[in-house]
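S.K.: below are the sequence and a predicted model for it; my questions follow.
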Amino acid sequence: MNNSRFLVGSTFWRIFGLIWSSFVSIIGIFLLAWRIFIQKQRLFEIRHRLPRPKPIESMCLFGILFNIVRVVHAAVIIADVGRSPILRLFLFDQCWVFAFSAFTCYVFGVAQTLLNSNRVLYDAWLSSPITVDAICMIATILPFVFMNLGAIGSGYYASTNDINSAYVFLRVGYYCAMVYTFILGVLVIYAGRRLTGLISDPVLIHSNIRITNTKLQASSFKVKVTVICGSFCLWSMGIIACVYASIRITITTNYILAMLFSSFISFVGPGVTSIIMVALFLSPKAISSLAILNLADGDEPEQYPRFEFHLNGNSQQRRQHRPNGTAFYNDEDTVINNNLSVNHGEKRTIAISHTESYSPSSSSIKLVSLKSMFFKSSDVGQHSASPSVASSSNCGNFASWQHLNARTLISMEDI
């Protein structure tokens, strides 16, 4: 009786999951084609003979593959074809391999985005982007190794009625999946927090570059949705893998537990991919129009500085004005002292320290303080002011924001 109830219930959830995954796959294919052919984005870049995934496009691609494989697996089970345990276990595990690959590409795509947009992060994280590319390839290939070996080995021994060996392969594969999903979930949260911090940096928000606060906060909202859904999916599947590997017989012989696990696995994949796709491809206006999100900003806070960006050839000057007279500059290898003549008793000198030439791999920001200079003589024009330059700082919000990647952080194409 319990077996028949379980078969009826599991068949219902498989049909529901098949329809849902089919719908998500069709929408995902349309959105990915629109982003590639209309917006002229790319899935991968090849640099130093290593593929470098783009975070949004690659995650969308693997999400589509995840749902397509789920559709195939559900169709095989419902139609009762391909009864080989090897085939069925391979299809079931392969869809989750694509899900892991989607979030792996997102994490390392964001890592490359941060490295390309900020010199301090480039030096603090890893000294070479090639290392990030190599780690990305290894992390992407690992699930294909341990998940497929576990599924194929378990299916092979199950077909030969060697149940003990089949359980060994199943446990090894699922325990490896548990460790992998836990680590990947932590990396997703870490990369997402760094990216949202970069987006919400006051230097970008309060600059005069042509990007609105609505678009910035919409991009931050998309990253947060991806991080929350991704980490939840990864950690929940890691817990399920651990529990299933530990007490598989107890789960499969208990109707309630079997239905709970079956329904959750059927829903979590299509549900997470649906939420992420909707969030990623919503326009900033559509996101800001949602009253519950309240993303529209009011008046600009006065305590934040305003930056001016001037492009002159290959150099980019960054200047910050504050009410108290503090300035930031970044320009070519020259030192210029400008003396400002002011009223007696309010004499200040600005020392503009220009640092090394601007390049994507080398840039810095000098913090230049204005120090009040009081002169004994009442004739200001007869005395030259002496500059006072503060030491450079490479920490904090402003020092960490050293190189803007126009495509990623101004156009917000990659977020």
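M.R.: Cool, got the structure.

S.K.: what residues sit buried inside stretch 24-41?
M.R.: Under the neighbour-count criterion of 16 or more other C-beta atoms under 10 Å, stretch 24-41 has 24-25, 27-28, 31-32, 35-36, 41 buried. Heads up, the C-betas are built off the backbone N, CA and C, glycines and all.

S.K.: er, stretch 80-95 actually
M.R.: Applying a neighbour-count criterion of 16+ other C-beta under 10 Å, one finds 85-95 buried in stretch 80-95.

S.K.: what does stretch 179-186 give?
M.R.: 180-182, 184-185.

S.K.: between these, which is closest to residue 139?
M.R.: residue 184 (7.6 Å; C-beta to C-beta).

S.K.: so that closest one is in which element?
M.R.: helix 163-199 (DSSP states H and E).

S.K.: give me the buried positions along that helix.
M.R.: For helix 163-199, a neighbour-count test (16+ other C-beta under 10 Å) marks 166-167, 169-178, 180-182, 184-185, 187-189, 191-192, 194-196, 198-199 as buried.

S.K.: distance to residue 160 and pLDDT for the buried residues of stretch 179-186 - can I get that in CSV?
M.R.: Formatted as CSV, these follow (distance: C-beta to C-beta, whole Å; pLDDT from 0 to 100):
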residue, distance to residue 160, pLDDT
180, 28, 93
181, 30, 93
182, 33, 94
184, 33, 91
185, 36, 91
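
S.K.: run a quick neighbour tally on residue 63.
M.R.: 28 (other C-beta atoms under 10 Å).

S.K.: would it count as being in a strand?
M.R.: No - according to DSSP: H, G, I helix; E, B strand; the rest coil, residue 63 belongs to no strand; its state is helix.

S.K.: so what's the residue nearest to it when sequence neighbours are not counted up against?
M.R.: Nearest residue to residue 63, sequence neighbours excluded (C-beta to C-beta, 6 or more residues apart in numbering): residue 273, at 4.5 Å. Counting by C-beta atoms under 8 Å, 6 or more residues apart in numbering, residue 273 makes contact with 24, 28, 63, 66-67.

S.K.: now flag whichever of the residues you listed is closest to residue 244.
M.R.: Relative to residue 244, the closest of these is residue 66; by C-beta to C-beta it sits at 18.7 Å.

S.K.: host element of that closest one?
M.R.: Applying DSSP H and E, one finds residue 66 within helix 55-79.

S.K.: report the rounded mean pLDDT for that helix.
M.R.: Taken as a whole, helix 55-79 carries a mean pLDDT of 91.

S.K.: report all helices and strands that that helix contacts.
M.R.: Applying 3 or more C-beta pairs under 8 Å, 6 or more residues apart in numbering; DSSP states H and E, we find helix 55-79 packed against helix 2-33, helix 85-117, helix 255-280.

S.K.: show residues contacting the helix or strand just after the first one.
M.R.: Moving toward the C-terminus from helix 2-33, the next helix or strand (DSSP H and E) is strand 44-47. For strand 44-47, contacts defined as C-beta under 8 Å, 6+ apart pick out 51-54, 58, 129, 133.

S.K.: what pairs with strand 44-47, parallel or antiparallel?
M.R.: strand 50-53 (antiparallel) (DSSP bridges).

S.K.: give the buried residues for the strand it pairs with.
M.R.: Neighbour-count burial for strand 50-53 flags 52-53 (criterion: 16+ other C-beta under 10 Å).

S.K.: thinking again about what came up before, rank the helices and strands packed on helix 55-79 by pLDDT, which is bottom?
M.R.: Checking each of these, the one with the poorest mean pLDDT is helix 2-33, at a mean of 80.

S.K.: sorry, back to before: need the helices and strands packed on helix 55-79 in JSON lines with distance to residue 71, can you?
M.R.: Listed next are these as JSON lines, based on distance: least, C-beta to C-beta, whole Å:
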{"stretch": "helix 2-33", "distance to residue 71": "5"}
{"stretch": "helix 85-117", "distance to residue 71": "9"}
{"stretch": "helix 255-280", "distance to residue 71": "10"}
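
S.K.: any idea which of those is most buried?
M.R.: Across the helices and strands packed on helix 55-79, averaging neighbours per residue (mean count of other C-beta atoms under 10 Å) puts helix 85-117 on top, at a mean of 23.

S.K.: report all helices and strands that that one contacts.
M.R.: strand 50-53, helix 55-79, helix 119-125, helix 129-159, helix 163-199, helix 213-246, helix 255-280.

S.K.: now with 10 Å, please.
M.R.: strand 44-47, strand 50-53, helix 55-79, helix 119-125, helix 129-159, helix 163-199, helix 213-246, helix 255-280 (3 or more C-beta pairs under 10 Å, 6 or more residues apart in numbering; DSSP states H and E).

S.K.: that helix vs helix 163-199, what angle?
M.R.: 20 degrees (axes from the mean of the first three to the mean of the last three C-alpha atoms, to 10 degrees).

S.K.: quick one on the thing from earlier: among the helices and strands packed on helix 55-79, which comes closest to residue 248?
M.R.: helix 255-280 (10.2 Å).

S.K.: how about stretch 238-258: buried residues?
M.R.: 238, 240-245, 251, 258.

S.K.: okay, now residue 286: neighbour count?
M.R.: Here the count is done by other C-beta under 10 Å, and residue 286 has 11 residues near it.

S.K.: just checking, it touches residue 280?
M.R.: No - contact status for residue 286 versus residue 280: not in contact, 11.9 Å apart, counting by C-beta atoms under 10 Å.

S.K.: ok, now which ones touch residue 180?
M.R.: 100, 104, 139, 142-143, 146-147, 234, 238, 241 (C-beta atoms under 10 Å, 6 or more residues apart in numbering).

S.K.: and the two most separated of the residues you listed?
M.R.: 139 and 241 (17.4 Å).

S.K.: of the buried residues of stretch 24-41, which is the nearest to residue 160?
M.R.: residue 25 (34.9 Å).

S.K.: thank you kindly, that will do.
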